[in-house]
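Chemist: Would you be able to build a 3D model of this:
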Amino acid sequence: MKRLTSALNSKWCAAGLALAVFLFMLLLNFLTPYVADDYVYRYGFHDHEHVESVLDVVKSMYVHSYAMNGRVVSHFFGELFMIWPKAPFNFANAGMFTLLWYVLWRVASVGAKRNILIGAGIFMALWYWMPVFGQVALWQLGSVNYLWGMGFGMLFISPYVYRLMHGGELIKKSWQRAVFCVLALPFGMYIEVMSFVGLFIAAALMALSLLFDKRSLKSWLLAPIGIGGVGYMLLMSMPAEMKAKKSSMALGTLIGNISSATQMLRDFGRTLLIIWAVLAVLALFMKVPGKRVALSAVLAVGAVGGNYMLIFAGYYPERCASAPVTLLILACALLLAGFDVCRAGEALRCSAVAALTVVFAFSLIEGTYSIWRSYAEYRDREDVIESALAAGERDLELPLVHPTTPYSAFWGLRDLATDTADTWPNTQFASYHGLDSVIGK
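Modeler: Coordinates of the predicted model:
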């Protein structure tokens with residue numbers, strides 16, 4: 001039994017699991033076409049022509065900062081991939097999901113032995129609990145905002161986790177530290193929720209580290225927090241952001257947003273919060289190391305705080321709950337990984353992952369079928385467009401794609417407007433396909 005356990009937890013099994021995650025996500029990305037705003041961001045905001053170079057993207061983002069919002073860093077990536085066919089993005093996005101999953105696994109396992117159950121459990125939890133999975137992890141414009149933002153956020157806090165748990169430095173070479181400090185600026189500018197929560201968690205972990213090691217007060221890791229804070233101020237001071245914040249600061253809007261944020265936490269985070277609270281109590285009884293429990297608590301607080309940050313936003317779409325949910329999943333995984341202190345804890349961990357596997361199996365079948373069905377409807381529509389163009393028809397009325405679950409990127413997004421052709425994304429969709437006009441039916 002010990003030999004089998006050792007084999008399952010080996011680096012080769014970990015590599016095999018990572019490869020399986022990557023290939024699965026790659027398949028789903030290839031089954032996800034452009035949706036909604038993807039067509040909009042194919043065209044520069046400065047000239048409304050198809051972006052063809054990095055310079056075009058830079059010019060577009062300058063106008064974007066005045067017209068849309070302050071996410072010029074994340075939307076830079078969104079438009080950059082529009083220069084090429086979708087295949088390069090599919091590989092990059094599958095890689096980013098795999099990176100996020102792997103970093104979550106590494107953080108959850110810090111100070112504990114590698115356990116394949118924890119790695120598999122984190123993937124299944126992301127699939128099962130992630131709000132509107134298709135929008136967050138498959139939709140091109142949504143992914144570069146939310147999935148990539150979480151990936152960069154987890155990379156950002158990793159050195160702070162290591163500092164707390166091991167009292168040392170994860171990044172040791174001077175040039176690496178310099179690069180990390182430089183990259184802290186665009187991370188702070190990346191996205192409103194994850195950037196702020198990442199900086200908050202990093203600062204909280206440095207404060208905890210100071211309690212265990214007074215040398216932390218002089219650590220170089222304080223610099224990236226300050227630099228990232230400057231980046232966040234730049235994000236929030238973009239002209240479009242300032243304009244949006246003025247309209248969202250009305251008392252009635254704030255009260256409505258508090259209600260929306262509470263509802264969102266109830267819908268997507270309630271189960272995870274209950275699980276975390278139960279695991280935290282069990283961790284105390286099982287004498288799981290205090291640093292691990294404290295780290296898990298910081299992540300849980302960051303998750304709840306990140307959720308209520310959105311009371312200052314103009315609106316709160318479900319995809320914005322992805323960062324709080326991911327942090328709650330990590331907080332639970334950290335505690336489960338620490339249950340190896342006794343046999344009862346190991347048995348509880350195995351039972352928890354087994355239960356998760358059951359619900360995951362059903363959602364996996366339902367979700368993948370939904371993604372495939374949306375893709376099939378999309379391909380049928382593409383065939384209609386090709387036939388129409390061959391017949392010389394350039395003003396079309398096209399059927400909408402009807403997603404059946406939130407695993408499809410079409411769920412909750414505007415596919416095509418049905419009331420007028422002269423609106424988004426119809427005008428951009430028509431231009432992309434070489435049509436004069438298009439309307440949904």
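Chemist: remind me which residues of the stretch 251-400 of the chain are low pLDDT?
Modeler: Residue ranges of the stretch 251-400 of the chain with pLDDT under 70: 251-253, 313-315, 341.
Chemist: ranges for the strands of it?
Modeler: 395-398 (DSSP state E, counting those that start in this stretch).
Chemist: For residue 49, give me phi and psi.
Modeler: phi -110, psi 160 (degrees, to the nearest 10).
Chemist: What is the neighbour count of it?
Modeler: By the criterion of other CB atoms under 10 Å, residue 49 has 12 neighbours. C-beta coordinates here come from the backbone N, C-alpha and C atoms, glycine included.
Chemist: is it true that it touches residue 43?
Modeler: Yes. Between residue 49 and residue 43 there is a contact under CB atoms under 8 Å: 6.2 Å.
Chemist: ok now do the closest residue to residue 203 other than its chain neighbours, which residues does it touch?
Modeler: For residue 203, ignoring the flanking residues on the chain, the nearest one in space by CB to CB, 6 or more residues apart in numbering is residue 225 at 5.4 Å. Contacts for residue 225 (CB atoms under 8 Å, 6 or more residues apart in numbering) come out as 184, 199, 202-203, 206.
Chemist: show me where the stretch 201-350 of the chain has helices.
Modeler: For the stretch 201-350 of the chain, helices defined by DSSP state H, counting those that start in this stretch occupy the ranges 222-236, 239-248, 251-268, 270-285, 290-309, 322-337, 343-390.
Chemist: if we can go back for a sec, which one of the contacts of residue 225 is nearest residue 264?
Modeler: Nearest to residue 264 among the contacts of residue 225 is residue 199, at 21.8 Å by CB to CB.
Chemist: Am I right that that closest one is in a helix?
Modeler: Yes. Secondary structure assignment places residue 199 in a helix (DSSP: H, G, I helix; E, B strand; the rest coil).
Chemist: Next one: it, what pLDDT does it get?
Modeler: The score at residue 199 is 97. That number is its pLDDT.
Chemist: end-to-end on stretch 27-35?
Modeler: One end of stretch 27-35 sits 17 Å from the other (CA to CA, to the nearest Å).
Chemist: what comes into contact with that stretch?
Modeler: 42, 86-87, 89-91, 93-94, 134, 137-140, 368, 371-372, 375, 378, 409-410, 413, 415, 432.
Chemist: and the gap between the spatially closest residue to residue 222 that is not a sequence neighbour and residue 265?
Modeler: The spatial neighbour of residue 222 that comes closest, neighbours along the chain excluded (CB to CB, 6+ apart), is residue 206 at 6.5 Å. Per CB to CB, to the nearest Å, residue 206 is found 27 Å from residue 265.
Chemist: coming back round to it: what distance do you get for the residue nearest to residue 203 to residue 192?
Modeler: Distance of residue 225 to residue 192, given as CB to CB: 17 Å.
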